[in-house]
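K.L.:
below is the sequence, then the predicted model.
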Number of protein chains: 2
Amino acid sequence: MHAIPEKTVDTAPIIDFRTSPDQYHHWTISIDGPVARLVMAVDEDSPHATGYELKLNSYDIGVDIELYDAVQRLRFEHPEVRAVAVTSGIQAMFCAGANIRMLGISSHSHKVNFCKFTNETRNAIEDASAHSGQTYMAALNGTAAGGGYELALATEYLMLIDDGNAAVSLPEVPLLAVLPGTGGLTRVVDKRKVRRDLADVFCTVEEGMKGKRAVEWRLIDETVPRSKFDERVTEKALELAATSDRPTDEPGMILERLERKIEADEIRYPSVSVRLDRDGRCATLEVEAPDEDAPATVDDIKKQGVDFWPMAVARALDDALLHLRFNEPTLGTLIIKTSGDGGRIAAYDALLKDNQDDWLVREILLYLQRTYKRLDVTSRTTFAFVEPGSCFVGLLADLLFAVDRSYMLDGQNDDRAAPTIQLSELNFGALRMANGLTRLETRFLGDDDNVGNARKLIGKNLDARAAMDAGLITYAPDDIDWEDEIRLLLEERASFSPDALTGMEANLRFAGPETLETKIFGRLSAWQNWIFQRPNAAGESGALKLYGTGKRAKYDRGRV
Amino acid sequence: MHAIPEKTVDTAPIIDFRTSPDQYHHWTISIDGPVARLVMAVDEDSPHATGYELKLNSYDIGVDIELYDAVQRLRFEHPEVRAVAVTSGIQAMFCAGANIRMLGISSHSHKVNFCKFTNETRNAIEDASAHSGQTYMAALNGTAAGGGYELALATEYLMLIDDGNAAVSLPEVPLLAVLPGTGGLTRVVDKRKVRRDLADVFCTVEEGMKGKRAVEWRLIDETVPRSKFDERVTEKALELAATSDRPTDEPGMILERLERKIEADEIRYPSVSVRLDRDGRCATLEVEAPDEDAPATVDDIKKQGVDFWPMAVARALDDALLHLRFNEPTLGTLIIKTSGDGGRIAAYDALLKDNQDDWLVREILLYLQRTYKRLDVTSRTTFAFVEPGSCFVGLLADLLFAVDRSYMLDGQNDDRAAPTIQLSELNFGALRMANGLTRLETRFLGDDDNVGNARKLIGKNLDARAAMDAGLITYAPDDIDWEDEIRLLLEERASFSPDALTGMEANLRFAGPETLETKIFGRLSAWQNWIFQRPNAAGESGALKLYGTGKRAKYDRGRV
């Protein structure tokens, strides 16, 4: 068995996830009262990399970055929007899915990261429908194929135009020898609850399904004649909008361009910095405490906008994680640190907790939750180091329970005070994992008492001994051992196989209940990763490579 | 990317799963009252294939075939056994796990199938503890490493000798760049509920853990000094035995050697035949109806022994599925048929249903359940064809809900009567899938009413129209379409990538709740399959290939 040479599709020096509607090539947002239309009209001549054209509303990472941005802006900038209809701006095609030529020439690593990001955006769409009072529907004014149908599946209502041609389909297996792996298979049987034998048929029929049968099989909710389509979309969107609790008379929070400064070994954001240690193959994310007191009211939050400290932290962490995934693949360990005066954080937590019914506070908490989930599914080892001068308090303390291991100095190693950590109410419900549990509930699956005991510690400064006793950290070396222990830890981790670590961490992080999300990340993605490596898909004679060449893939017929 | 050349470890012409204690090389069963000791003393000079020695109680498929046989015999042949202590017959080593050299030279396909079979046996051990009144414990009189500890995790109580050396460990990640993939990772966090950060530590410490810390971390239940070990094992086993409801005064059912005749294109068992179509790349399993009426009483079942029709069917299907998996990898489609007079089956079902509290009837039902589960996780497309002369009644009707799709002839195509199917009580609780639901509950996840409606049809002969209306079959072509439709179906399926089908089927078959079992098969196995293909593990410079050579693996440092 030979090492598999991997071509790369990434010709750009880095992939930048920051964008805004005035920079979009592929999407437009049009808003009419409580209803937004999110219109996909992919510019085929603006692919993110070279070597392919984005025909038929097919997408690549560039298209997906814009979609992610649009979803974020609809939530934050448009409190008045209560329903979002995703639709197409080109003729007879809603979306043809991920661009196949792009997949064919992408590295294994890019394919996997691309699919993960796409999945996260779809989960964010479902999160908006479930928790933001901003319900998505798919206005399928043309065929939704492959990833295009998977995108539609992430909405709560699928309306398909009845024009004699438009269909929904998942042709990946017959055409490409890969899976509908960005949530498709899971959402068909677990969300839409399509009967498994019908799902099997559907997933092997290249041309897909339409009309009455598509409704009967639960693949779509409704099919509507062309002449009535627009009207019915509006009607349905207004119906979905009617159930929302979002305000109608408030301005949104404008998502100003995220400040970021990338240097050789450091990336700076407001409130977060990332140090890159390429020799040691690790990156240190340091979150800084707020440098001013928490505002007193929700109105003050609204005035601060993206400078409101928890929002600034979420935005910076979000971008940093995506940047590291795509642009720094060899930094296998992420170290999480915090710094600054933790004394101010409790007031921020209290402000968020006390006003969680306000639409904007809710959005900020949900965004923090999504960002922490992004950390959970990031394929890097994660360690937290609690040192003097750190501030793992409340919402930052949750990072201690997100990482694979945490180390806390027991005592002092210079003239600063020994570190402490502090819990807040936010650690007990506001920041749930993909499995539906809080990180503390997941941590203490074996002993419910521990969650209750931890709750009693809210607001207390816990030194290393107290934190160990409560099971909140992994190890508490003293100042004599600290440096050696950390050095050996990082060296050891860097010596392991990155693949084995990825698989191990993916299995240890999500104990407890399974949800649509954990199924997608844990089961579907793992199978897709496997298939993305198989010669039948990705080999020189594999279906993914040969698609569109007129040549037929040659398959090894052995079943594994 | 090149097609990956795969060496094969299988020098024997076929792998035969039939064995018995007098043929064992590696295990002995010793029984003392209600307690059995299942003793592993692997003969290092009796590997199943060539190219490796089975040192330190390491195992290969041959060792595992004996273990599976022993577990089956303890259940059926020994009603008096209420607790089973798995232990070692060699010095200072309980079990070192799967033989690494064997894994290093095995084909990808063999590794995957071997791990799956190993997992199934461990699930069968847990099934015995949960449902048979035969509780397993691990009497770890030496180190349990890797798969050895995973075997121990499949028991309900782990007792480790305290001799200063013996430890439990999962060294796969640091040593071999693969996962503890036969249930280990899942059982550590989801069954033992080891805290996830401690699990992370444990899975990266080559030498593992012992003593008080191993107990505190929940890795084992107890550690016992050498001088008291045997005594304490007996004491604990008797304690586990005390809760059992198994009879003390009954003879068991002797598992006579399964009759099997293998010819070029056919395999014959009592009540089951398998036809092999190598050109069409499919195999047809045909289950035959009983040729005599159901016995009247449980005593009659006991007299009939393995000839009791449901038992004969379970044994033959079990062997046929394992044979096809390991020995016929290119037959990608399994067709399930039935033949004979279905009129007798309802009485068999009623006999089983009415006596399910009898220990032997319970064992027969559990064995059917395990065999059907083996079909569920078999990586082949499964179709059922319901034709004139078939007998999909009751326990055989469940096969219709196990397959990926079912086709039923609507009407006649010769002078025989049009086919019908019939449900029994057994379809509504006795034969659960790995997800904990019945196959009908899984099938009708989207509509609970359908399960209730199906229940009302118990005992009725349903023709194709009625079966379609009740959602019990996928398609009902008439005699004009039947032949063409089936031919095209099989040709089309055979044209798809076997890998894509495997991934698709694995994701569509298990909608609904997740359990330890579905997590192991759906999540952990998928990740292991992925890693088994990565050059970092299986490449020429990968850890699995180089283990024991003194050379260090070279890793691609990119994180995927």
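P.N.:
Arrived safely.

K.L.:
what's the longest helix in chain A?
P.N.:
Using DSSP state H, we find that the single longest helix of chain A is helix A:108-131.

K.L.:
for it, buried residues please.
P.N.:
For helix A:108-131, burial by neighbour count (16 or more other CB atoms under 10 Å in any protein chain shown) applies to A:108-129. From N, CA and C alone the C-beta is placed, and that goes for glycine too.

K.L.:
pretty sure residue A:531 contacts residue A:178?
P.N.:
Yes - using CB atoms under 8 Å, residue A:531 is in contact with residue A:178, at 5.3 Å.

K.L.:
list the contacts of the residue nearest the centre of chain A.
P.N.:
By CA atoms, centre = their mean, chain A has its centre lying nearest to residue A:120, at 3.0 Å. By CB atoms under 8 Å, 6 or more residues apart in numbering or on different chains, the contact set of residue A:120 is A:68, A:370, A:373, A:374, A:377.

K.L.:
which helix or strand contains the residue nearest to the fourth one when sequence neighbours are not counted?
P.N.:
Leaving out its chain neighbours, the residue that sits closest to residue A:374 by CB to CB, 6 or more residues apart in numbering or on different chains is residue A:321, at 5.2 Å. Assigned by DSSP states H and E, residue A:321 belongs to helix A:309-327.

K.L.:
what's the mean pLDDT across that helix?
P.N.:
On average, the pLDDT along helix A:309-327 is 98.

K.L.:
likewise for stretch A:109-128?
P.N.:
Averaging pLDDT along stretch A:109-128 gives 96.

K.L.:
same check, this time on stretch A:189-206
P.N.:
Stretch A:189-206 carries an average pLDDT of 97.

K.L.:
equivalent analysis for stretch A:30-38, please.
P.N.:
Average pLDDT, stretch A:30-38: 98.

K.L.:
and that stretch, how far apart are its ends?
P.N.:
End-to-end distance for stretch A:30-38: 7 Å, by CA to CA, to the nearest Å.

K.L.:
quick one: that stretch to chain centroid distance?
P.N.:
Mean-position distance between stretch A:30-38 and its chain equals 24 Å (CA atoms, centre = their mean, to the nearest Å).

K.L.:
for it, which positions count as buried?
P.N.:
Using 16+ other CB under 10 Å as the test for burial, stretch A:30-38 gives A:34, A:35, A:36, A:37, A:38.

K.L.:
give me the pLDDT for the residue nearest to residue A:275 when sequence neighbours are not counted.
P.N.:
In this structure, residue A:275 finds its nearest non-sequential neighbour in residue A:284, 4.5 Å apart by CB to CB, 6+ apart. Here, the pLDDT recorded for residue A:284 equals 98.

K.L.:
circling back to that earlier point, next, the angle from the longest helix of chain A to helix A:309-327.
P.N.:
Relative orientation of helix A:108-131 versus helix A:309-327 (axes from the mean of the first three to the mean of the last three CA atoms, to 10 degrees): 150 degrees.

K.L.:
extract the CA atoms of helix A:108-131 and return them as CSV.
P.N.:
What follows is helix A:108-131, C-alpha atoms only, in CSV (Å, rounded to 0.1, in the frame of the first residue of the first chain):
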residue,chain,number,x,y,z
HIS,A,108,-8.8,14.3,0.7
SER,A,109,-8.3,16.9,3.4
HIS,A,110,-10.1,19.7,1.5
LYS,A,111,-13.0,17.4,0.7
VAL,A,112,-13.5,16.5,4.3
ASN,A,113,-13.1,20.0,5.7
PHE,A,114,-15.4,21.4,3.0
CYS,A,115,-18.1,18.9,3.8
LYS,A,116,-17.8,19.6,7.5
PHE,A,117,-18.2,23.3,7.0
THR,A,118,-21.2,22.8,4.7
ASN,A,119,-22.7,20.6,7.4
GLU,A,120,-22.2,23.2,10.0
THR,A,121,-23.9,25.8,8.0
ARG,A,122,-26.9,23.5,7.4
ASN,A,123,-27.1,22.8,11.1
ALA,A,124,-27.0,26.6,11.7
ILE,A,125,-30.0,26.9,9.3
GLU,A,126,-31.9,24.3,11.4
ASP,A,127,-30.8,26.1,14.6
ALA,A,128,-32.3,29.3,13.2
SER,A,129,-35.6,27.6,12.5
ALA,A,130,-35.7,25.9,15.9
HIS,A,131,-34.4,28.6,18.2
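
K.L.:
list the contacts of the helix or strand following it.
P.N.:
Next along the chain after helix A:108-131, taking DSSP H and E as the criterion, comes strand A:135-140. Strand A:135-140 has contacts (CB under 8 Å, 6+ apart) with A:37, A:82-88, A:94, A:125-126, A:128-129, A:144, A:151-152, A:154-161, A:166, A:168, A:220, A:229, A:233, A:236-237, A:240-241, A:243-244.

K.L.:
measure residue A:275 to residue A:458 for me?
P.N.:
According to CB to CB, to the nearest Å, residue A:275 stands 32 Å off from residue A:458.

K.L.:
correction: residue A:518
P.N.:
The value you get for residue A:518 to residue A:458, if CB to CB is used, is 28 Å.

K.L.:
tell me the SS of residue A:528?
P.N.:
With DSSP: H, G, I helix; E, B strand; the rest coil as the basis, residue A:528 sits in helix.

K.L.:
sorry, wrong one. I was asking about residue A:353.
P.N.:
Residue A:353 falls in the helix class when you classify it by three-state DSSP.

K.L.:
mind listing what residue A:72 touches?
P.N.:
Residue A:72 touches A:124, A:255, A:367, counting by CB under 8 Å, 6+ apart.

K.L.:
cutoff 10 Å now
P.N.:
Applying CB atoms under 10 Å, 6 or more residues apart in numbering or on different chains, we find residue A:72 in contact with A:121, A:124, A:128, A:255, A:315, A:318, A:363, A:367, A:370.
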